[in-house]
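J.: Can you look at this prediction? I've put the sequence above it.
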Amino acid sequence: MMNGTSIKIFSGTSHPELAELIARRVGVPLARAEVTRNGVGESSVSILDSVRECDVYIVNTGSGLVNTSLIETCIMIHACKIASAKRITAVMPLFPYARQDKKDKSRAPITAKLVANMLQKSGCDHLITMDLHASQIQGFFDVPVDKYLYAEPSAIHYLRTHFDLKDIIIVSPDAGGAKRATSIADRLSVPFALFHKERKKANEVSRMILVGDVHDKVAVLVDDMADTCGTICLAASRLAEAGAKRVFAIVTHGILSGRALEVVGASPLEKLIVTNTIPQAANQAECDKIEVIDIGVVLGEVIRRSHYGESVSKLFHEVPY
């Protein structure tokens with residue numbers, strides 16, 4: 001229990017809107033910090049509130065200027081550590097470099113491990129993240145990692161409130177996401193399908209083979225992230241060709257880089273539903289197919305429960321109110 005310990009929530013520059021939503025859920029104002037960059041591009045941090053013997057949470061996500069966000073987080077952790085904070089938690093809804101989690105060719109770095117080392121050496125005592133791209137990343141840390149925070153409960157709540165479940169089929173765009181998709185399908189008691197995917201090179205799919213019957217169904221693609229959206233939009237086209245009457249996609253991290261919005265706009269997808277682990281206002285303004293699920297409530301409740309020493313396992317299965 002953290003009885004008698006003050007809680008302080010700080011925001012980096014990557015997603016201040018989400019930090020504000022989280023602080024509102026916890027019921028405290030955002031603590032004051034000044035984060036700037038000097039003429040040569042170095043990040044400069046000033047912690048303006050006392051953190052002595054406090055339970056500190058630093059909210060920064062892996063989007064936009066990812067390297068800047070990461071070094072900001074490390075500097076803020078270090079600043080709070082040497083200012084005698086009792087415990088420091090990094091809240092990184094999208095963990096940076098999560099896709100560089102293994103040595104898949106000669107002389108390749110394991111950058112996710114390097115990021116874990118950076119956070120820990122800075123003084124991080126705990127990590128809260130959402131829907132890690134690769135589960136083994138939690139093994140790179142020697143401090144607790146709450147990585148089982150999937151957007152799954154929020155996605156299930158969205159599907160139950162927006163669709164007639166008797167028409168739904170959950171689809172994984174690749175074999176690697178089958179566990180995530182089958183978990184959602186089982187909890188909704190709906191059928192499941194998947195694609196077998198062959199790649200020419202990274203981010204370029206050459207062939208997708210559908211396993212399952214989607215004829216006359218509302219097909220919902222489920223994945224952890226949408227970057228260039230090539231895979232999801234190709235899968236949507238294959239589903240439409242296979243007789244699906246409507247096609248949607250739900251992803252946790254809507255990175256939407258390059259021509260992604262243009263690709264989504266031209267695809268058979270009716271909606272690409274993403275969470276706000278990454279700022280989405282500009283994407284929504286540019287593409288009317290983007291819809292956002294707010295996970296600030298979930299992260300805020302995780303922080304509240306963590307601060308008071310309560311279990312967070314309930315949040316793996318249901319959305320807090």
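T.: Ah, there it is.
J.: residue ranges for the strands of the stretch 201-321 of the chain, please.
T.: Per DSSP state E, counting those that start in this stretch, the stretch 201-321 of the chain carries strands over the ranges 204-211, 218-226, 246-254, 271-275, 290-293.
J.: Would you mind saying which of those strands lies nearest Ile110?
T.: Nearest to Ile110, of all the strands of the stretch 201-321 of the chain, is strand 218-226, at 19.1 Å by CB to CB. For every residue, glycine as well, the C-beta is placed using N, CA and C.
J.: follow-up on the earlier one: now the strands of the stretch 201-321 of the chain in TSV, please, with extra columns for mean pLDDT and distance to His157.
T.: Formatted as TSV, the strands of the stretch 201-321 of the chain follow (pLDDT from 0 to 100; distance: least, CB to CB, whole Å):
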stretch	mean pLDDT	distance to His157
strand 204-211	77	27
strand 218-226	94	14
strand 246-254	96	11
strand 271-275	96	12
strand 290-293	96	8
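J.: mind putting those strands in JSON lines, distance to Leu234 included?
T.: As requested, the strands of the stretch 201-321 of the chain are exported to JSON lines (distance: least, CB to CB, whole Å):
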{"stretch": "strand 204-211", "distance to Leu234": "6"}
{"stretch": "strand 218-226", "distance to Leu234": "11"}
{"stretch": "strand 246-254", "distance to Leu234": "12"}
{"stretch": "strand 271-275", "distance to Leu234": "14"}
{"stretch": "strand 290-293", "distance to Leu234": "18"}
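J.: so which of these gets nearest Gly41?
T.: strand 246-254 (25.9 Å).
J.: any idea of the angle that closest one forms with strand 271-275?
T.: If you take axes from the mean of the first three to the mean of the last three CA atoms, to 10 degrees, strand 246-254 sits at 20 degrees to strand 271-275.
J.: picking up where we left off before, which of the strands of the stretch 201-321 of the chain sits closest to Ala236?
T.: strand 246-254 (4.7 Å).
J.: Give the other helices and strands that the closest one contacts.
T.: helix 152-162, strand 218-226, helix 230-241, strand 271-275 (3 or more CB pairs under 8 Å, 6 or more residues apart in numbering; DSSP states H and E).
J.: if we can go back for a sec, would you list the strands of the stretch 201-321 of the chain in a markdown table and tack on mean neighbour count and distance to Lys166?
T.: As requested, the strands of the stretch 201-321 of the chain are exported to a markdown table (neighbours: other CB atoms under 10 Å; distance: least, CB to CB, whole Å):
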| stretch | mean neighbour count | distance to Lys166 |
| --- | --- | --- |
| strand 204-211 | 13 | 21 |
| strand 218-226 | 24 | 10 |
| strand 246-254 | 25 | 14 |
| strand 271-275 | 24 | 20 |
| strand 290-293 | 19 | 22 |
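J.: Can you check which of the helices and strands packed on strand 246-254 gets nearest to Leu299?
T.: strand 271-275 (10.0 Å).
J.: Let me know which of the strands of the stretch 201-321 of the chain is the nearest to Ala79.
T.: strand 246-254 (27.5 Å).
J.: Check what contacts the closest one and list those residues.
T.: By CB atoms under 8 Å, 6 or more residues apart in numbering, the residues outside strand 246-254 that reach it are 93-94, 130-131, 150-151, 155, 158-159, 218-226, 232, 236, 239-240, 268-275, 277-278, 280, 283, 290, 293.
J.: Report the strands that pair with that strand, each with its relative direction.
T.: In the sheet, strand 246-254 lines up against strand 218-226 (parallel), strand 271-275 (parallel) (DSSP bridges).
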